[in-house]
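> Sharing a model prediction with you, sequence too.
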Number of protein chains: 2
Amino acid sequence: MKHVRNVLIVGGVHGNELNGIYLVKTLEQQPALLERSHLTATTLLANSDAIHQNRRYVEMDLNRCFDRDDLTNPDLHLHEQQLAKQIYRQVQAQPIDFVVDLHTTTANMGLTLILSSDHPLNVAIAAHLSILSPLVKILLLSPQSATRRLRGLCPLGFTLEAGAIAQGTLDANLFFASRRLIGETLDYWNCWNQGNMPSLPSEATVYEHVQTLDFPRDADGNVIAMVHPDRHGQDYGAIAPGDPLFMGFDGSVIPYDGQDVLYPIFIQESAYWEKGIAMYLTRKKQMPISVMDA
Amino acid sequence: MKHVRNVLIVGGVHGNELNGIYLVKTLEQQPALLERSHLTATTLLANSDAIHQNRRYVEMDLNRCFDRDDLTNPDLHLHEQQLAKQIYRQVQAQPIDFVVDLHTTTANMGLTLILSSDHPLNVAIAAHLSILSPLVKILLLSPQSATRRLRGLCPLGFTLEAGAIAQGTLDANLFFASRRLIGETLDYWNCWNQGNMPSLPSEATVYEHVQTLDFPRDADGNVIAMVHPDRHGQDYGAIAPGDPLFMGFDGSVIPYDGQDVLYPIFIQESAYWEKGIAMYLTRKKQMPISVMDA
């Protein structure tokens, strides 16, 4: 059985996502919150310059800098590219068994766990956490997406996306819900290391990325419609063929023209405007929990 | 009687407040929305570089650059200082009678009208607009605050603060509510210019700035508490002495220690983080409407 002895909790990969930053600071000031008998939890504030500037990043998105080829490419010198290399060296020197990367989103995502991989141990702990709080949702993005992100440094772990929270603001309810989730994560692995497992259901509800939707645009690339009010803030709500999806600036309704019932998430995530993303569409599915295969 | 012949509608003073930017673009693409028999309405996208970068500003906050001394100071060369001078020259060359400056806020402010001054004509049109929509609130900041802001270019007019909207996102409901409000504003002045006034109540409910509150900080200036969950999103809700105001990262409650019942607004406005502002406190009062004195 694999032990999970070293847990790394990261905040400030994006410098304007304050909840995670202040949560890491709080954990550093109240180390008793991290202490467990059978594991060691450490913390990291990833991008202090961006935090100081209250900006997502200084030169480029740090959470797109962790591709292995980029980490070993001596020609990449942007602030965040160097920072990623430094974090990578640190993780190589002090290997970690599980990583939690704390983010916020302006989308109404509650406490979304984006798993580093669909490893059975990841699915099991996420299922456990989702039973403890109705805010918790489990999200699977493509394996490729993890390779560029910090969570890709460790096959076990997740990115926590807490929202809706405006950039540069704090949300007390989600702060304490996130603090509780971290405590439960440490408790889980601490029991696991001692051979005690909480009873788990036979399967977990997960949302799997299917499609990334841009805003409707004209021939010159200008945005010509907004998210429809029926979708606004309705992350994880089902959308069926023909349902309203976007609304033009003239009030015209643009329906969803897909074939399947899907579940939009990251609806109106502010940082995705520059990436040309209006939302993700996901499929809801049941995934068997089989920690014995781990 | 003063006529209001020239109305200027401005968006993009802050480049990441998209609702106003796309509203101005829409008005420019659908000029019929601006056409009235007895007035001329023009539009301006104020800070195209900041809009292009999807940032509040390039070098400094444009909406703090309109102090008359600064506008005539040849030594001020920052991007936004030059932009303010250019806008000022434009307004001098083509005088305006009424200005509407479109902003968004991450605070839950509905459609807040920050009046350029407490001129009876401003109070009257704001009262009229507040009767047409329950979203509309009337806010009076100090006369000094207007001198540095774009709305200070014209004694008649208001800043429209629409929220809650995350920076870099669009909100369709507030977009169409704002578009309606602009139409009603033009209708009002168009009738006024013809000697027709809608019937108005004898007084209007206004909120007057009393105090600006920073977050609680330690001796080194570090933020040590968040807005209390009871206040989160409760702009224009009364706060009484002893009510919860902030919450420490350890869960401790910091009550409101003032003497009077006041009304917090701009609670958790994201852009005010760098200015050291957690919220404003306002006093709710009734203001007589007396357009005959105008």
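Happy to help now that I have it.
> Just give the number of residues close to the residue of the stretch 1-150 of chain A found nearest chain B.
Minimum separation of the stretch 1-150 of chain A from chain B (CB to the nearest CB) falls at residue A:106, amounting to 3.8 Å. Any C-beta I mention is one placed from the backbone N, CA and C, and that applies to glycine too. Taking other CB atoms under 10 Å in any protein chain shown as the criterion, the count of residues near residue A:106 is 27.
> For residue A:7, list the residues it contacts.
Going by CB atoms under 8 Å, 6 or more residues apart in numbering or on different chains, residue A:7 touches A:39, A:40, A:41, A:42, A:96, A:97, A:98, A:99, A:100, A:185, A:186, A:189.
> and the first one, how many neighbours?
The number of residues packed around residue A:39, counting by other CB under 10 Å, is 21.
> So which residues on chain A come close to chain B?
With the criterion set to CB under 8 Å from any CB of the partner chain, chain A comes near chain B through A:18, A:22, A:25-26, A:29-30, A:54, A:106, A:164, A:166-173, A:175-176, A:223, A:226-229, A:232, A:247, A:249-251, A:268, A:270-271, A:273-274.
> Convert the C-alpha atoms of stretch A:184-200 to CSV, please.
C-alpha atoms of stretch A:184-200 as CSV (Å, rounded to 0.1, in the frame of the first residue of the first chain):
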residue,chain,number,x,y,z
GLU,A,184,-10.3,16.6,6.3
THR,A,185,-7.8,15.9,3.5
LEU,A,186,-5.0,15.6,6.1
ASP,A,187,-7.2,13.5,8.4
TYR,A,188,-8.0,11.1,5.5
TRP,A,189,-4.3,10.5,4.7
ASN,A,190,-3.4,10.3,8.3
CYS,A,191,-5.9,7.5,8.8
TRP,A,192,-4.9,5.9,5.5
ASN,A,193,-1.2,5.8,6.6
GLN,A,194,-2.4,3.9,9.7
GLY,A,195,-4.4,1.4,7.7
ASN,A,196,-7.8,2.9,8.6
MET,A,197,-10.1,3.9,5.8
PRO,A,198,-13.5,5.6,6.1
SER,A,199,-16.3,3.6,4.5
LEU,A,200,-16.8,4.9,1.0
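> Go ahead and confirm the residue of the stretch 1-150 of chain A closest to chain B touches residue B:170.
No - under the criterion of CB atoms under 8 Å, residue A:106 makes no contact with residue B:170, lying 11.6 Å away.
> which residues do the two both contact?
Any residue near both residue A:106 and residue B:170 by CB under 8 Å, 6+ apart counts here, and that gives residue A:268.
> Helix or strand with the lowest mean pLDDT in chain A?
helix A:143-147 (a mean of 86; mean pLDDT, DSSP states H and E).
> on contacts alone, who are the packing partners of the helix or strand just after it?
Going down the chain from helix A:143-147, the next helix or strand is strand A:157-163, by DSSP states H and E. In terms of contact count using 3 or more CB pairs under 8 Å, 6 or more residues apart in numbering or on different chains; DSSP states H and E, strand A:157-163 is assigned the packing partners helix A:18-29, strand A:98-104, strand A:110-115, helix A:120-132, helix A:172-193.
> Let me see the mean pLDDT of the shortest one.
For strand A:110-115, the mean per-residue pLDDT is 98.
> How about stretch A:246-259?
With pLDDT averaged residue by residue, stretch A:246-259 scores 97.
> Also stretch A:36-52?
Per-residue pLDDT values across stretch A:36-52 average out to 97.
> List the contacts of it.
Contact with stretch A:36-52 is made by A:4-16, A:21, A:24-25, A:27-28, A:34-35, A:56-58, A:62, A:79-80, A:83, A:87, A:90, A:94, A:150, A:186-187, A:189-190, A:193-194, as judged by CB under 8 Å, 6+ apart.
> hmm, back to that, among the helices and strands packed on strand A:157-163, show me which one is buried the most.
Each of the helices and strands packed on strand A:157-163 was assessed for mean neighbour count using mean count of other CB atoms under 10 Å in any protein chain shown. The highest is strand A:98-104, with a mean of 26.
> Just give the number of residues close to the residue lying closest to residue A:155 once chain neighbours are set aside.
Leaving out its chain neighbours, the residue that sits closest to residue A:155 by CB to CB, 6 or more residues apart in numbering or on different chains is residue A:117, at 5.0 Å. Other residues within reach of residue A:117, judged by other CB under 10 Å, total 18.
> repeat for residue A:80
The local packing of residue A:80 (other CB under 10 Å) involves 23 other residues.
> Kindly confirm my reading that it is in a helix.
Yes - when classified by DSSP: H, G, I helix; E, B strand; the rest coil, residue A:80 is found to be part of a helix.
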